[in-house]
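Engineer: what's the 3D shape of this:
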Amino acid sequence: MKPSTPALLLYFVTSIIAIFLTFMQQYSLVVYCKAILVPAIFSYYLIANNYKMDWLKLLVFLFSLIGEIYGLMDFKHAELGSILSFFIVYILLLKCVVFDFKKAKLNQTTIVGIVILVLFLGGLLFSILDLKFEKLKFSFCLLLFYGVVLGILSVIAISNYIIRPNYRFLNLVLACACFIISDVFYALNHFYITTAVLRIIGTSTQILSYLFLVIYFIESNALQENK
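Structural biologist: Modelled structure (predicted):
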């Protein structure tokens, strides 16, 4: 058994429990499971990466944990604190993907693909933000900026994969896809209409996003070590 296996097993077991509890509509217990997921997947990454950690990835894990901890709290601005935490996570990840994108070589076909992607994600963002979020407890502008940053992150991540299709960027694309799905369903569930199906899909994709993101980090570190 590898040293990182117990942490990964803890992540998977907690994930299954969280999804099951969501299905059983035990939402108050789900948030406790989700607060365990980040330390578990962080431990897996730290061990798998031979206990090496740079400040950018550390901050990503830290603000992810803070965002989940806010979910445990029951006060007026807890929801706002959680959204701001994940907003910071996306900004930090944006720095990572922009660095990769700067080294990419664009051609005409790639540019056309990126334009189509921008139009698609822009249309999706407009469709979601055009809904009347009557339950929104904070400024709509924050939701707008949050969506724009996530959209830019996703466009650059997918563009990196189009230019250089490999396992590393595939996991980044999958992580961004999970971010989009979980955040869209979170917004619909909390600020528009509440259904059990939205919660299950949102919880499942958020959990998966951590795994794909960590694999991207591990592959990125392995690439740097091999240079």
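Engineer: tell me the centre residue of the protein?
Structural biologist: The centroid of the chain falls nearest to F179 when counting by CA atoms, centre = their mean (4.0 Å).
Engineer: for the closest residue to that residue other than its chain neighbours, the count of nearby residues, please.
Structural biologist: Closest residue in space to F179, ignoring its immediate chain neighbours: S209 at 5.5 Å, by CB to CB, 6 or more residues apart in numbering. Heads up, the C-betas are built off the backbone N, CA and C, glycines and all. Residues near S209, counting by other CB atoms under 10 Å, number 21.
Engineer: buried stuff in the strand or helix carrying S209?
Structural biologist: Using DSSP states H and E, S209 maps to helix 196-226. For helix 196-226, the buried set under the neighbour-count rule, 16 or more other CB atoms under 10 Å, comprises 198-221.
Engineer: could you do stretch 35-49 as well?
Structural biologist: 35-49.
Engineer: which residues touch the residue nearest to F179?
Structural biologist: S209 makes contact with 175, 178-179, 182, according to CB atoms under 8 Å, 6 or more residues apart in numbering.
Engineer: what pLDDT does it get?
Structural biologist: For S209, the pLDDT comes out at 94.
Engineer: worst-scoring helix or strand of the chain, pLDDT-wise?
Structural biologist: Ranked by mean pLDDT, DSSP states H and E, the weakest helix or strand in the chain is helix 108-129, scoring a mean of 75.
Engineer: outside of stretch 178-189 itself, list whatever touches it.
Structural biologist: So stretch 178-189 is in contact with 86, 90, 124, 128, 131, 133, 143, 146, 150, 153-154, 195, 198-199, 201-203, 205-206, 208-209, 212, going by CB under 8 Å, 6+ apart.
Engineer: try it again with 7 Å
Structural biologist: 128, 150, 154, 195, 198-199, 201-202, 205-206, 208-209, 212 (CB atoms under 7 Å, 6 or more residues apart in numbering).
Engineer: low-confidence ranges in the chain?
Structural biologist: 1, 71-76, 102-108, 129-140, 190-194, 225-227 (pLDDT under 70).
Engineer: helices of that one, residue ranges please.
Structural biologist: With DSSP state H, the ranges of helices along the chain come out as 5-23, 27-48, 55-72, 78-102, 108-129, 140-163, 167-191, 196-226.
Engineer: okay, the third one in PDB with CA atoms only?
Structural biologist: Presented in PDB, the C-alpha positions along helix 55-72 are these (Å, rounded to 0.1, in the frame of the first residue of the first chain):
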ATOM      1  CA  TRP A  55       2.100  28.700  -1.800                       C
ATOM      2  CA  LEU A  56      -0.300  29.000  -4.700                       C
ATOM      3  CA  LYS A  57      -1.600  25.400  -4.300                       C
ATOM      4  CA  LEU A  58      -1.600  25.700  -0.500                       C
ATOM      5  CA  LEU A  59      -3.900  28.800  -0.800                       C
ATOM      6  CA  VAL A  60      -6.200  26.900  -3.100                       C
ATOM      7  CA  PHE A  61      -6.600  24.100  -0.500                       C
ATOM      8  CA  LEU A  62      -6.900  26.700   2.300                       C
ATOM      9  CA  PHE A  63      -9.600  28.700   0.700                       C
ATOM     10  CA  SER A  64     -11.500  25.600  -0.400                       C
ATOM     11  CA  LEU A  65     -11.500  24.500   3.200                       C
ATOM     12  CA  ILE A  66     -12.600  27.900   4.400                       C
ATOM     13  CA  GLY A  67     -15.400  27.800   1.900                       C
ATOM     14  CA  GLU A  68     -16.600  24.400   3.200                       C
ATOM     15  CA  ILE A  69     -16.200  25.600   6.900                       C
ATOM     16  CA  TYR A  70     -18.500  28.500   6.100                       C
ATOM     17  CA  GLY A  71     -21.100  25.900   5.000                       C
ATOM     18  CA  LEU A  72     -21.000  24.600   8.600                       C
END
